[in-house]
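> please work out how this folds:
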Amino acid sequence: MLNKITTYLIVGSLGTGKTSLIQQLLKQKPVDEQWAVLINEFGKIGVDKALLGEQAVTITEIAGGCVCCTGGAPFQVGLTRLLKQAKPDVLFIELSGLGHPLQVQKQLQAEPWNTVLTLHPLLQVVDAKQLLADFQPYNSTGLLLVNKSEDITKQQQQAINKQFPQCNLYWTTQGYLPLSYLPKQPLVELLAPQKIYSIAGDNGQKEQLAEGIVCHMQEQREEWSIGWQFQPHYCFDKLKLDNWLKQYQWLRAKLVVHTNHGWLSVNAVAEDTAPWKATEWRKDSRIELIFTSKQTGQLLIDSLLTTIS
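Predicted coordinates:
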């Protein structure tokens, strides 16, 4: 009986290098493991299987649309046949660049697949130049593979690494990823609720001031920063949050928050009125402000809490 098959969803926009990643992984397959690959292509012809060529793995292709937009029947049938045929130890599922990964992920976490598959965090492939624009990884992304990075400068790479401190990034070209870098922790463990504490003061000492809220302040020679994390059930009033931001002379403001207008993000510099944008992030709300000089932390904390609806 098939159960607990190590499973990875490979996601990313069209042309980011998902198929290249699979090609590189297949070259590293241990001889004593059985692997299988399920590919979902948007087009009717189905070319990716041919691109992968003859491999010592079983490959099934579902062409003609996103598997999550077709009632799930082709996906269910294709996956069932693949598992019965291959009896794999490891399964890779490459989703169409026009697909909806979170819907497929939710489907695989439900019966009957939750006992057959051990779903791991998403492998999200992104073109390095996408990270220079507005981009948010999925909440359940375990590894962000930054592909086509040969034209990115060292300064740009450092800036991007700072922009996504919560992500495990791997910079590469041609979709190469060492097998050892695949996420080992199952998705259910990654998304398990954690007890969150409040961190108050520049010394970083912990004390439980409010359940589900983290605050951290940091002082350096030329900058002072304050940041918060809120568990996802906290909901901010967008108008109040806008007005709160306008009260302070910050150097940089970055927010990914749950609001009364949905989950939104903003990335602004020096009082720039950057637009709010929808985001896929759902794990928690995060706010960070950077100033050129030290501020009264408690005042910022108290005023921010008034924006919670």
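
> and the helices in this protein?
According to DSSP state H, the chain carries its helices in the segments 18-26, 48-52, 73-86, 101-108, 113-116, 154-163, 187-190, 238-246, 297-305.

> and those helices as TSV, adding mean neighbour count and mean pLDDT?
Just so you know, the C-beta spots here come from the backbone N, C-alpha and C atoms, and that holds for glycine as well. As requested, those are exported to TSV (neighbours: other CB atoms under 10 Å; pLDDT from 0 to 100):
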stretch	mean neighbour count	mean pLDDT
helix 18-26	21	89
helix 48-52	15	42
helix 73-86	16	86
helix 101-108	18	87
helix 113-116	15	92
helix 154-163	12	83
helix 187-190	15	76
helix 238-246	16	91
helix 297-305	15	87
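
> now the ones you listed as a markdown table including distance to Ala253?
Supplementary listing: the helices of the chain in a markdown table, determined by distance: least, CB to CB, whole Å:
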| stretch | distance to Ala253 |
| --- | --- |
| helix 18-26 | 33 |
| helix 48-52 | 41 |
| helix 73-86 | 41 |
| helix 101-108 | 27 |
| helix 113-116 | 40 |
| helix 154-163 | 13 |
| helix 187-190 | 28 |
| helix 238-246 | 6 |
| helix 297-305 | 12 |
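
> quick one, domains of this structure?
Under automatic domain parsing, the residue ranges defining each domain of the chain are 5-190, 198-305.

> sorry, back to before: so which of the helices of the chain gets nearest Phe230?
Shortest distance between Phe230 and the helices of the chain, using CB to CB, is found for helix 297-305: 9.5 Å.

> show me what that closest one is packed up against.
Judged by 3 or more CB pairs under 8 Å, 6 or more residues apart in numbering; DSSP states H and E, the packing partners of helix 297-305 are strand 213-219, strand 224-230.

> select from these the stretch with the lowest mean pLDDT.
Across these, the stretch with the lowest average pLDDT is strand 213-219; it has a mean of 81.
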